[in-house]
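S.K.: here you go, sequence then predicted model.
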Amino acid sequence: MIISASRRTDIPALYAQWFVNRLKEGYFLVPNPRNSTRIGRVDVSPDNVDCIVFWTKNPLPILDKLDEIKELGYSFYFHFTFNPYQETIENNLPTKKELYESFITLSNKIGSNFLIWRYDPIFIDEKHSIEWHIKNFEYMCSKLHRYTKRCMISFIDPYKNIKKNYREMTIDEIKILMESFSKIAKKYEISLYTCAEEIDLTDYNILKGACIDKDIVENLLQCGINAKKDVNQRKECNCLEAVDIGAYDTCLNGCSYCYAISSNKLLQKNINNHDVNAPMLTGYPRGDEIITNRTKESYKDKQLKLF
């Protein structure tokens, strides 16, 4: 079983101690995002958890807990979303200087093969032109290329709750931008991949990627795995199947393009209910829910060792 922590919220930045506490307790309770009366129980013995995939914009709060997580018997790798946007777009993050330093620290701790840089979502407006992105991407590559091998990119999706502030990029805009990104990435020996995008950019040496990637997981574990594509994700997503233990409407990063916050009222309610010792990210069950087992077995192919 692969644990996603998490596409729904920033666990490393905001809930690191809760996450470690749950690993020690040996299970998570995860409410169904579409039906709060249904809760999944996920047992997380190191015997059945192959690896954890962390997603964050700020790894600082979890850095001092990574050794403990390893000692508990878990393997992991990171997606670190690091954009050049200013505070009006991403308004609750550390300074850029602190983020560069934490990127380097994390890479030195886990290895550049297991730290994926995410430059996403990409959007175009009056302040953030194609030229602006090219300039900033080049600068960031120059700073980060020694500490990562791969960059995942995606383009803004105008979800209902953000549509009034952002528009979709045109195909021409994407191609112009990606032609330059491709040249810059090649210069700095960073491989570019798209995340859940329909557009074909292979002409620019940009492949369709997977955030929960079979090659990365097998490299991390040094053995083969028998995991299928996650059918619960969007059609364009190539990720392996995983169990996400996060919850929507719990992230305090304050990004204006966020799809995971439906209302500030619900966000505040969930924050108030959070308890670092609770089995759910949003606190304790009421008692009338139906709890079902969502634990999956290990995907490891013990016959296939990688060297």
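M.R.: Structure's in. What do you need?

S.K.: where does this structure have low pLDDT?
M.R.: The model of the chain has pLDDT under 70 over residues 159-164, 302-307.

S.K.: touching the top helix by length along it from outside, list them.
M.R.: Secondary structure assigned by DSSP state H gives helix 171-187 as the longest helix of the chain. With Cβ atoms under 8 Å, 6 or more residues apart in numbering as the test, helix 171-187 has contacts from 122, 124, 130, 133-134, 137-138, 141, 151, 153, 155, 169, 191-192, 199, 201, 204-206. In this view, the C-beta of every residue, glycine as well, is placed from N, C-alpha and C.

S.K.: enumerate every residue touching residue 41.
M.R.: Residue 41 sits next to 27-30, 291-295 when contact means Cβ under 8 Å, 6+ apart.

S.K.: try 6 Å
M.R.: 27, 29, 291, 293 (Cβ atoms under 6 Å, 6 or more residues apart in numbering).

S.K.: in terms of helices and strands, where is it?
M.R.: Secondary structure from DSSP states H and E places residue 41 in strand 35-43.

S.K.: if any of the contacts of helix 171-187 are buried, put those into a PyMOL selection.
M.R.: To isolate the buried subset of the contacts of helix 171-187 in PyMOL, counting by 16 or more other Cβ atoms under 10 Å, use the following:
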select buried, resi 122+124+133+134+137+138+141+151+153+155+169+192+201+204+206
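
S.K.: just the contacts of helix 171-187: which are in strands?
M.R.: Counting by DSSP state E, the contacts of helix 171-187 place 122, 151, 153, 155, 191-192 in strands.

S.K.: quick check: the farthest pair among these?
M.R.: Greatest spatial distance in those: 155 and 191, 18.2 Å, computed using Cβ to Cβ.

S.K.: for the residue nearest the centre of the chain, which non-adjacent residue is spatially closest?
M.R.: Nearest to the geometric centre of the chain sits residue 55, at 2.8 Å (Cα atoms, centre = their mean). Nearest residue to residue 55 in three dimensions, chain neighbours excluded: residue 79, at 4.6 Å (Cβ to Cβ, 6 or more residues apart in numbering).

S.K.: tell me how far the one you found lies from residue 30.
M.R.: 20 Å (Cβ to Cβ, to the nearest Å).

S.K.: of the contacts of residue 41, closest to residue 42?
M.R.: residue 27 (6.3 Å).

S.K.: now that closest one: how far from residue 45?
M.R.: Distance, residue 27 to residue 45, by Cβ to Cβ: 9 Å.

S.K.: please apply the same query to residue 230.
M.R.: Per Cβ to Cβ, residue 230 is found 22 Å from residue 45.

S.K.: residue 150 now?
M.R.: Residue 150 is 30 Å from residue 45, where distance means Cβ to Cβ.

S.K.: and these two? Which one has more around it.
M.R.: residue 150 (20 against 13; other Cβ atoms under 10 Å).

S.K.: residues in contact with that one?
M.R.: 116, 191.

S.K.: all good on my end, thank you.
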